[in-house]
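[1] Dropping a prediction and its sequence here:
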Amino acid sequence: MRRISIREVTFEKVQQWWCRNCRQSFTFRRNEGRQRFTDVFIREAVKDFIQGRSSYAVIKERKDISIGTLSNWVNAFGNSCMNPVEISHFLNLHKFNRWSGMLILDAKYLNRRSLLLLAIDYGTLDIVVWLVCEVESEENYGKLVDLVEAAGYVIRAVVSDGERAIIALTQPRKPRWLFKGTRRYPRPGILPATKRTPRLIGIPHQWCVIHAERELNQYTTKLPKEERKSIDAFVHNILFAHTIKQAEKWRDRLITETFNHPVIHRQESTAEKYQEIPTPLKTSSPTSIHGLRR
């Protein structure tokens with residue numbers, strides 16, 4: 001007997017049997033794939049994927065299993081694990097771990113559609129909680145902060161790369177432009193918009209010095225190589241100074257170096273010349289340090 005699929009793509013020869021006693025026909029088809037897998041086999045396949053050794057396609061060819069089956073195993077393994085809050089309460093991490101209270105917030109992209117939000121303690125470098133989401137937003141970072149507080153972590157300060165969504169958690173947003181119109185505000189019959197209180201209002205927020213150095217170095221890219229190295233060295237010494245006196249010392253040396261530089265001093269003098277023009281000009285300060293405390 002010849003079997004043809006519905007889309008007429010698969011052709012298969014099937015042996016048909018006929019019973020003389022009951023006068024019925026039947027077919028016996030042996031499935032070539034494996035029907036049952038041992039627990040050791042499942043753990044090894046999931047372990048290869050979780051530890052980043054192989055991808056779904058590689059494990060499929062190596063283990064001779066379908067991608068759907070492997071995906072179900074990985075999802076079942078993830079659902080059976082405890083979340084960060086349960087782990088913290090089970091191990092009493094908020095009591096035994098000497099957390100400093102300085103929380104580092106950062107995000108790592110997993111692929112094009114998802115990223116991993118991390119909350120790390122500055123003193124011990126422990127990953128307090130994590131959250132998988134699609135975009136860096138104030139709402140998602142608010143959920144991350146809720147998990148941090150649910151784990152028993154007391155937030156005393158926040159360190160970040162200057163992401164606007166993280167800045168919105170500690171400081172209220174400032175309008176970019178203020179338009180002076182003739183209409184009264186609030187308008188008659190319309191209630192004024194309620195001011196949103198930031199989630200971490202009153203908690204100090206510091207800009208990461210590594211990200212600060214990377215962004216500040218972008219403003220010296222057009223200088224010659226030797227002069228750029230000297231200015232970048234001054235910026236590095238200011239950011240990584242151990243005391244305020246050392247930072248002020250390197251700052252004064254940086255001011256002297258830029259004042260004696262012919263190109264930079266000429267640009268600064270030209271900018272001071274046009275400061276009296278009342279037209280709105282775009283500021284040249286880095287965008288990621290808007291609203292951050294020093």
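    Right, received. Where do you want to start?
[2] And the strands in the stretch 51-200 of the chain?
    102-109, 115-121, 127-133, 157-160 (DSSP state E, counting those that start in this stretch).
[3] In TSV, list these along with mean neighbour count, distance to Val74 and mean pLDDT.
    C-beta here means a position set from N, CA and C on the backbone, and glycine is covered the same way. Formatted as TSV, those follow (neighbours: other C-beta atoms under 10 Å; distance: least, C-beta to C-beta, whole Å; pLDDT from 0 to 100):
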stretch	mean neighbour count	distance to Val74	mean pLDDT
strand 102-109	18	19	91
strand 115-121	18	16	92
strand 127-133	17	14	90
strand 157-160	20	31	92
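[4] could I get these as CSV with distance to Ile244?
    Below are the strands of the stretch 51-200 of the chain laid out as CSV (distance: least, C-beta to C-beta, whole Å):
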stretch, distance to Ile244
strand 102-109, 19
strand 115-121, 26
strand 127-133, 30
strand 157-160, 18
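[5] Next, the contact list for the residue most central in space within the chain, please.
    With distances taken as C-alpha atoms, centre = their mean, the chain has Ala107 as the residue nearest its mean C-alpha position (1.6 Å). With contact set as C-beta atoms under 8 Å, 6 or more residues apart in numbering, Ala107 has these partners: 115-118, 136, 163.
[6] Name the nearest of those residues relative to Phe49.
    Lowest distance from Phe49 to the contacts of Ala107 (C-beta to C-beta) belongs to Leu116, with 16.4 Å.
[7] and the closest one, how far is that from Leu223?
    Noted for Leu116: a distance of 37 Å to Leu223, by C-beta to C-beta, to the nearest Å.
[8] cool, and Arg113?
    Relative to Leu223, Arg113 is positioned 40 Å away (C-beta to C-beta).
[9] before we move on, what about Ile190?
    Applying C-beta to C-beta, one obtains 53 Å for the distance of Ile190 from Leu223.
[10] for Ala45, same thing?
    Distance, Ala45 to Leu223, using C-beta to C-beta: 55 Å.
[11] Neighbour count: those two, which is higher?
    Shown here are Ala45 and Leu223; by other C-beta atoms under 10 Å, Ala45 has more neighbours (21 against 16).
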